[in-house]
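Asks: all I have is the shape, not the residue letters:
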């Protein structure tokens, strides 16, 4: 692709030869001749002078390494737009592969691509142009919208409803039974049947090997446009609202609510039956034990205001020393300190 | 189903029309006409007055929203019993699906249901009435008891023995190699072969995408009636005793022992070669670094008595302030505080 | 196998009958007649006297329970060598199973074993003697070296390159899209296309249900000889160098670098764009928030020097008491302590 064409598509000013041929996109330190690269995170600025890239996307005022430059205000976003020009989609052939097991009572929309060894159960619906990669299993009665992409071995259990333009990563499971058990005082464990469903709205994208459980009753819901990473657990009865971002290995316990546009870092855990407000940020590895207000940023275990958590963590390193200092003070004061003073509230 | 029939089956007293037809069960805020709902967790009491449910299961003394009421002492458990009346099992046809790959030397019990594209290896045993959903893989020589249900893509490796009435969620893997490696002082890593097995006893239920590794030698064991959630890791040589509950994303390092009836919250981690006693509770996200006694409750990282952990966490928020207070005291006391005092033991 | 033969193979001195027949290897407390056992971890020394094993591997100076003894300096390693003598590999037949879906344009090396219902896409390469267990999916264009073993349902996406002697556990996914999204200030989320690849070098072994994402651009890389456990997440653009050990459920955020021979415990999390030096150890459940130097040991959340973390955690339990002690001191000193003193730096 010509550099000039890329510049036009991403809205960048060009400094150099517009006829330069760009074959691939690479990071600064892996780029060679024919590669376009970019600098957005200042952490990588030291890689710029020695980069062998043929062209680089840079913010105003940043000096390039001598190669062609595409100049724009937001190099990260511009690079994202450029990568979109180089995407090569891999998909099974249109129609139903001869090795797939599609039940005669399943409904398959026009233009769908049902790959090798995929399974679609009785009464299930696969919308127009939806792609099932090899080994995908759609249980009886499940429903998928249009233009979805399900990667290898994704599993959609009975009673799950998926909107349009939804992407499921390989090995992801939707609609597994919620973890509902009641230990009895006298011994034994009663299973609480999970007869609810899962609803995944339009434009949701979910990574690989993630699991979303069906509700005990009602629905576990993932709202329009939300994006969920790999190995995430969404338990029964959760409600994830619109445009939420959830990073890898995070777990939402039963009936957690996550407000719109909220971002959860990786390995976050939430206790059940709580609400995290809209437009909130939860730092990686945080343990959320109670409701979180709208628009705040929390971190830590248990999760508290992020600034307080950071100060507390810095102070924690000095705690052993602090214990010794207080002991010295007590020895210096001797009997002046009354040990029978009531505890502080 | 008639409301009167439901009342009789769950042992509740009926306040209203026993001929009322109940079509589904729903949470208070999603219930409409024809739906039965319940109130057990006081957190949701505010939803009761406006509920559109046709009937509600309530504890004695709780006022309903004007609809029919099923009155009983334990609404949560009664609702669990009611949901059992509405379960609709989805399963492949009886027999072996034509697309399944069952080795001629496998033993398949009467009434078993081997779904599309399931694989059963040489010498493997599948007990009577056991259900393999699409894509399940049973390696050669593995053994499954009667009335088990294995969901799509569950994998049972060679040498694994599973009892009766066991449920495996989609994508769960039993019998993967334990993580046994020995880095050599002079460089290089030696693999320690994992020649043990996995034994899963009767009535165990395991969620989706969980992994249980085979022992290096001997057995990794999950005891009768234990329930394990999604994305859990049970490493080689662990022994989980009877009726243990393990929530999602928890990981047991090698040779961990978990006593009977113990409950582990989500995202718990345990160091290896330790024992958690029976009837113990471990709070979510706890990091268990040493043995835990029987019957206690621990929490935190590292895990300690739950009450102490909670007090410490409240105090932690005041730690930055405490540092300043101690500094003020030291300044006030000046040379009275001897900096050469030996450290506290 | 004769005890004398085992002794010769593992380089141990024999105390007892070299003609003793050994049928299996077992832990001390599960061993019976015909079993060989070992004692390496002193934690299990109490099991030695009552063991029913026919022979035991022991370090010099350790008294056996009366049975035959194989004496050597490193019983743990010697036992590992002994287990290697008892490994029985299970693998599909040589060639391509009739139920597998191998694209005519795929290249399958000599001696490869393509199991039932495995899928190999157009232009993909499977090296000589490589084993695909049932249900493995190789996307179009992916490349596997020689003598690899991929367990059931492992998924290798397009653009992934795997070296030789690589082992993938069941359900593991290589090459899933990186989690790259940009929330826009005015609402909406832009997907950043992930057009990079994954490179897994020779002798890497990866457990079950782990996920390794493709880079946005360039490569996510796992270096020669590294071993990765189950349910691990390696995000886009990470670089894991040679002979790294990563325990279960650990997650590396985007562009994390892990130096050679470093060991990460289970459930570790790292923030993105940081470097953990070579020969470093990171304790289980640690949260690594910034660069870690070469050769150190860190632990905790946030991760700090392990000795400091341990002291801080011991001190933490005394923090509630410390708050009370400081309050007593302040009351004793009264107005001597100036509340207007500026905060400590």
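Replies: Yep, it's here. None of the values given here were measured: they were computed from a predicted structure.

Asks: would you map the helices across chain A?
Replies: Counting by DSSP state H, chain A has helices at residues A:3-10, A:75-84, A:306-316, A:319-333.

Asks: can I get those in CSV including mean pLDDT?
Replies: Formatted as CSV, the helices of chain A follow (pLDDT from 0 to 100):
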stretch, mean pLDDT
helix A:3-10, 95
helix A:75-84, 90
helix A:306-316, 96
helix A:319-333, 91
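
Asks: what residues sit buried inside stretch A:100-107?
Replies: Neighbour-count burial for stretch A:100-107, counted by 16 or more other Cβ atoms under 10 Å in any protein chain shown, picks out A:100, A:101, A:102, A:106. Glycine gets a C-beta too; all of them are placed from N, C-alpha and C.

Asks: pick the one among these closest to chain B.
Replies: For the buried residues of stretch A:100-107, the minimum distance to chain B (Cβ to the nearest Cβ) is 3.9 Å, reached by residue A:101.

Asks: distance of that closest one from residue A:154?
Replies: Residue A:101 sits 15 Å away from residue A:154, taking Cβ to Cβ, to the nearest Å as the criterion.

Asks: how about residue A:31?
Replies: From residue A:31 over to residue A:154 (counting by Cβ to Cβ), the distance is 34 Å.

Asks: okay, those two: which has more neighbours?
Replies: For residue A:31 versus residue A:154, the count of surrounding residues by other Cβ atoms under 10 Å in any protein chain shown is larger for residue A:154: 32 against 24.

Asks: re earlier: now render the buried residues of stretch A:100-107 as TSV, adding pLDDT.
Replies: Below are the buried residues of stretch A:100-107 laid out as TSV (pLDDT from 0 to 100):
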residue	pLDDT
A:100	98
A:101	98
A:102	98
A:106	98
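
Asks: okay if I get those residues as CSV plus distance to residue C:263?
Replies: Listed next are the buried residues of stretch A:100-107 as CSV, based on distance: Cβ to Cβ, whole Å:
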residue, distance to residue C:263
A:100, 44
A:101, 44
A:102, 47
A:106, 49
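
Asks: mark which of those residues are part of strands, please.
Replies: Of the positions in those, A:101, A:102 sit in strands, assigned by DSSP state E.

Asks: near chain C, list only the ones from the buried residues of stretch A:100-107.
Replies: With the criterion set as Cβ under 8 Å from any Cβ of the partner chain, no member of those is near chain C.

Asks: nearest to chain C among the buried residues of stretch A:100-107?
Replies: residue A:100 (9.4 Å).

Asks: now, which of the buried residues of stretch A:100-107 sits nearest residue C:273?
Replies: Distance to residue C:273, by Cβ to Cβ, is smallest for residue A:100 among those, at 41.9 Å.

Asks: that closest one and residue A:120 touch, don't they?
Replies: Yes - Residue A:100 is within contact range of residue A:120, at 7.4 Å (criterion: Cβ atoms under 8 Å).

Asks: shared neighbours, these two?
Replies: A:114, A:132 (Cβ atoms under 8 Å, 6 or more residues apart in numbering or on different chains).

Asks: so which bits of the stretch 151-300 of chain A are right by chain C?
Replies: For the stretch 151-300 of chain A, the residues found near chain C under the criterion Cβ under 8 Å from any Cβ are A:151-153, A:167, A:169-171, A:205, A:207-209, A:225, A:227, A:229-231, A:243, A:245, A:247-249, A:261, A:263, A:266-267, A:284-285.

Asks: redo the helices of chain A as CSV? Include mean neighbour count and distance to chain B.
Replies: Output for the helices of chain A, formatted as CSV (neighbours: other Cβ atoms under 10 Å in any protein chain shown; distance: least, Cβ to the nearest Cβ, whole Å):
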stretch, mean neighbour count, distance to chain B
helix A:3-10, 18, 38
helix A:75-84, 21, 30
helix A:306-316, 18, 4
helix A:319-333, 19, 5
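
Asks: what's the closest of the ones you listed to residue A:68?
Replies: The closest of these to residue A:68 is helix A:3-10. By Cβ to Cβ, the value is 6.1 Å.

Asks: tell me which other helices or strands the closest one touches.
Replies: Judged by 3 or more Cβ pairs under 8 Å, 6 or more residues apart in numbering or on different chains; DSSP states H and E, helix A:3-10 is in contact with strand A:13-15, strand A:68-71, helix A:75-84.

Asks: swap in 6 Å and give it another go.
Replies: Packing partners of helix A:3-10 (3 or more Cβ pairs under 6 Å, 6 or more residues apart in numbering or on different chains; DSSP states H and E): helix A:75-84.

Asks: quick one: the helix it packs on to helix A:3-10, angle?
Replies: If you take axes from the mean of the first three to the mean of the last three Cα atoms, to 10 degrees, helix A:75-84 sits at 110 degrees to helix A:3-10.

Asks: what is helix A:75-84 packed up against?
Replies: Using 3+ Cβ pairs under 6 Å, 6+ apart, helix A:75-84 is in contact with helix A:3-10, strand A:55-58.

Asks: next one: residue A:209 relative to residue A:284, how far apart?
Replies: Here the criterion is Cβ to Cβ. By it, residue A:209 lies 19 Å from residue A:284.

Asks: ok, those two, which is more surrounded?
Replies: Remark: of residue A:209 and residue A:284, residue A:209 carries more neighbours, 30 against 23, as counted by other Cβ under 10 Å.

Asks: give me the domain ranges for chain A.
Replies: Following automatic domain parsing, one finds the domains of chain A at A:3-84, A:95-306.

Asks: residue A:16 and residue A:84: what is the separation?
Replies: For residue A:16, the distance to residue A:84 equals 22 Å [Cβ to Cβ].

Asks: please apply the same query to residue A:243.
Replies: 20 Å.

Asks: same question, residue A:57
Replies: Counting by Cβ to Cβ, the gap from residue A:57 to residue A:84 is 14 Å.

Asks: just residue A:234 next, same as before
Replies: As judged by Cβ to Cβ, residue A:234 and residue A:84 stand 28 Å apart.
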